[in-house]
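In: fold the following for me, if possible:
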Amino acid sequence: MSDQIVLLRPDDQGTADGQSSKARKRQWGAEKRSEPLSIVHPAPSRRKIVLGRVGVLTTVLAWLGYVITTVLKQLVDNPGAGFRFGAETLSYLVVVSFLTFSALMYLTARQGALTRFRAHRRVPRGELDRHFFDYSEGITVLIPSYAEEPEVVRGTMWSAVLQEFPDLSVVLLLDDPPFPADPDVLRRLEATRALAGQITETLKEPAARVNGAYARYRRRRRDQEAEPDAGTEVERLIAEYQYAAEWLEAMAETESVEDHVDEFFVDLVLMGLARELRLVILALTAANAQRTSPGPERIAELYARLTWIFNARVSTFERKRFASLSHEPTRP
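Out: Just a heads-up that it's a prediction; the model follows:
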């Protein structure tokens, strides 16, 4: 099994001297909106696409008109101006042409992007689950950290851990000196070192529950026992999704929100995932009310999705503990 490596960096809010950082004042003119941009670009209107085409055509016609009415006119009106005048005119034409070309390339790229945005359709959730259900590759998320605040590192690690992927490993790369003399720096380092174990311990309970539920479902299918009615199987699945959503919501309630980073973690990472799970609950409940049920394969995919959420492996690596590895700083 080959691993794909992903580099993830927490917000650079750490201080090298271990002093607690004060809340920074908002810069004058800074954006007041704290919510992130949408993961999907809004579909452009037909009017915007037409205006983009008009912009490309106008740029070409404007350049052509300028060359004819200004540059060529100067050459025609001054037939005996000499070599210097001709060279200066040609150089000027080249500069103007390159500037116009750069603007034309921007407008062309923008037009292509607008066309793709308009035609883009997100892959349905079911297709993603089906693709990753038999996916055999692993992915490793590397989180480099140097003199970061433990709270910032913790939020970054949880954001990576809760990604829905079948074989996910999260590694915190601690680049701090392993034996600091400053007691405050040592306390912060020990708190950061303990994060991997704390996250692993927190995940044990939900992981054990969803893994057990998935294993029991596979056992029922494998042993070919008398299958319960579809409603019973859907109700079992709803109960597991209900548990997972409530677990995430309970965790969100215990989080302290002090700045926009904490707000992002609670609203978009924890509650965002909980809302997605509740959408599945809503769909399954509606299907059960209509006496319909997903097929056995789809139910297995939905169980597997829960296991992807809570089964990440979390660890810490400190290269400066090893004499055989470079101790050179990775950041200026």
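In: in the protein, which helix has the most residues?
Out: helix 83-119 (DSSP state H).
In: what's that one packed up against?
Out: In this structure, helix 83-119 makes packing contacts with helix 46-66, helix 73-77, judged by 3 or more C-beta pairs under 8 Å, 6 or more residues apart in numbering; DSSP states H and E. Heads up, the C-betas are built off the backbone N, CA and C, glycines and all.
In: list the buried ones in it?
Out: Residues 89, 93, 100, 104, 107, 111, 114 are the ones in helix 83-119 that count as buried (16 or more other C-beta atoms under 10 Å).
In: out of those, who's nearest residue 33?
Out: Using C-beta to C-beta, the shortest approach to residue 33 within the buried residues of helix 83-119 belongs to residue 114, at 23.3 Å.
In: residues of the helix or strand that comes right after the longest helix of the chain that come out buried?
Out: Sequence order places helix 125-133 as the next helix or strand after helix 83-119, per DSSP states H and E. Neighbour-count burial for helix 125-133 flags 129, 132, 133 (criterion: 16+ other C-beta under 10 Å).
In: from these, pick the one nearest residue 76.
Out: Of those, the one sitting nearest to residue 76 (C-beta to C-beta) turns out to be residue 132, at 67.7 Å.
In: in contact with the residue nearest to that closest one when sequence neighbours are not counted, which residues?
Out: Nearest residue to residue 132, sequence neighbours excluded (C-beta to C-beta, 6 or more residues apart in numbering): residue 166, at 5.5 Å. Going by C-beta atoms under 8 Å, 6 or more residues apart in numbering, residue 166 touches 132, 133, 135, 304, 308.
In: from those, which is closest to residue 245?
Out: residue 308 (15.0 Å).
In: what is the burial count for that closest one?
Out: Neighbours of residue 308 under the rule other C-beta atoms under 10 Å: 20.
In: gap between residue 125 and residue 301?
Out: Separation of residue 125 from residue 301 (C-beta to C-beta, to the nearest Å) stands at 10 Å.
In: cool, and residue 276?
Out: Taking C-beta to C-beta, one finds residue 276 at 15 Å from residue 301.
In: these two: who's more crowded?
Out: Relative neighbour count places residue 301 above the other of residue 276 and residue 301, with 20 against 15, counting by other C-beta under 10 Å.
In: next, that one: secondary structure please.
Out: Secondary structure, DSSP: H, G, I helix; E, B strand; the rest coil: residue 301 is helix.
In: so what's it scoring on pLDDT?
Out: Residue 301 is assigned a pLDDT of 94 by the prediction.
In: also the one 10 residues further on?
Out: At residue 311, the predicted lDDT confidence score is 95.
In: and the closest residue to it other than its chain neighbours, what helix or strand is that in?
Out: Excluding its sequence neighbours, the residue lying closest to residue 311 (C-beta to C-beta, 6+ apart) is residue 207, at 5.4 Å. Here residue 207, judged by DSSP H and E, is contained in helix 195-223.
In: ok so, going back, distance from the longest helix of the chain to the middle of the chain?
Out: 34 Å (C-alpha atoms, centre = their mean, to the nearest Å).
In: now the angle between helix 46-66 and that helix, please.
Out: Put simply, helix 83-119 runs at 170 degrees to helix 46-66, going by axes from the mean of the first three to the mean of the last three C-alpha atoms, to 10 degrees.
In: and helix 83-119, what's its mean pLDDT?
Out: Mean predicted confidence for helix 83-119 is 91.
In: can you give me the end-to-end span of stretch 132-139?
Out: Using C-alpha to C-alpha, to the nearest Å, the end-to-end distance of stretch 132-139 comes out at 12 Å.
In: ugh, typo on my part, it should be stretch 28-41
Out: Stretch 28-41: ends 28 Å apart by C-alpha to C-alpha.
In: what residue is smack in the middle of this protein?
Out: By C-alpha atoms, centre = their mean, the chain has its centre lying nearest to residue 39, at 8.4 Å.
In: now for the helices and strands packed on helix 83-119, which one comes closest to residue 159?
Out: Among those, helix 46-66 comes nearest to residue 159, with 33.7 Å by C-beta to C-beta.
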